[in-house]
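*Asks:* Here you go, sequence then predicted model.
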Amino acid sequence: MKIYQLHTTQKLPISVDEAWNFLSDPKNLKRITPDYMGFKIISGDDRDMYPGQIIEYIVTPVLGIPTKWVTEITHVVDRQFFVDEQRFGPYALWHHKHFIKPIQGGVIMEDIVHYKLPFGILGQLVHPIIVKPKLNEIFKHRERTLIELFGEY
C-alpha cells in the first residue's frame with residue numbers, strides 16, 4: 001500500500017484574518033481551482049467551517065467525467081489550521097492539512113496532503129504519469145490565483 005505526500009508552502013502579504021477568512025470558506029474553492037476541473041459545490045458551504053462539516057462537490061478531473069467528492073472537515077483550530085478528509089471520491093485516501101502562520105509582512109500557508117490511489121499496482125503505475133503532475137498543476141494554479149487576488153510576498 002503506497003501512500004503519497006504533496007507538500008506546498010506559499011507566502012502572501014496579507015493578515016492571518018484575511019488568509020483564514022478566504023481559505024476556510026468552502027465557497028472560495030471554486031475560485032482557486034482550474035476551470036477545466038468543473039468544480040461545483042453541491043452542499044455544505046452554507047456555514048462557517050466547523051469539525052464534522054460535510055461538503056459535497058462534483059469535479060471532472062479526467063476526460064470530463066463528473067465525479068462526486070465528499071469531504072469532512074475533521075479538525076479546526078481557528079486561524080491556525082484545518083483538516084479535510086475525503087469520505088467518498090476518486091482517492092482511496094485523501095487527508096489534507098492546511099496551516100496558516102504569521103510571518104513578517106504576511107502569512108505562510110502550508111499544505112500537506114497524504115493520499116493513496118485506488119486500483120493497487122495500476123494506481124501506482126499511473127501516479128507519476130497522470131496523478132502527480134495533475135495535482136502539482138492544480139496547486140500551481142491555486143498559487144497563481146492567490147497571487148492575483150492578494151499580491152506577491
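*Replies:* Arrived safely.
*Asks:* residue nearest the centroid of the protein?
*Replies:* residue 96 (6.7 Å; CA atoms, centre = their mean).
*Asks:* per-residue confidence for that residue?
*Replies:* At residue 96, the model reports a pLDDT of 98.
*Asks:* pLDDT below threshold where in this protein?
*Replies:* Residues of the chain that meet the criterion pLDDT under 70 are absent altogether.
*Asks:* so where's the longest helix in it?
*Replies:* Among the elements of type helix in the chain, defined by DSSP state H, the one spanning the most residues is helix 132-150.
*Asks:* List the strands paired with the helix or strand containing the residue nearest to the centre of the chain, with their directions.
*Replies:* Using DSSP states H and E, residue 96 maps to strand 93-103. For strand 93-103, the pairing partners within the sheet under DSSP bridges are strand 81-88 (antiparallel), strand 106-116 (antiparallel).
*Asks:* contacts for it?
*Replies:* By CB atoms under 8 Å, 6 or more residues apart in numbering, the list of residues contacting strand 93-103 from outside reads 3, 11, 15-16, 19-20, 23, 71, 79-86, 107-116. C-beta coordinates here come from the backbone N, C-alpha and C atoms, glycine included.
*Asks:* Report the buried residues of that strand.
*Replies:* Within strand 93-103, the residues scored as buried using 16 or more other CB atoms under 10 Å are 94, 95, 96, 97, 98, 99, 100.
*Asks:* Stretch 120-139: which residues count as buried?
*Replies:* By neighbour count, and taking 16+ other CB under 10 Å as the criterion, the buried residues in stretch 120-139 are 123, 127, 131, 135, 138, 139.
*Asks:* that older thread, what about the strand holding residue 96, distance to the chain center?
*Replies:* With CA atoms, centre = their mean, to the nearest Å as the basis, the distance from the averaged C-alpha position of strand 93-103 to the chain average is 9 Å.
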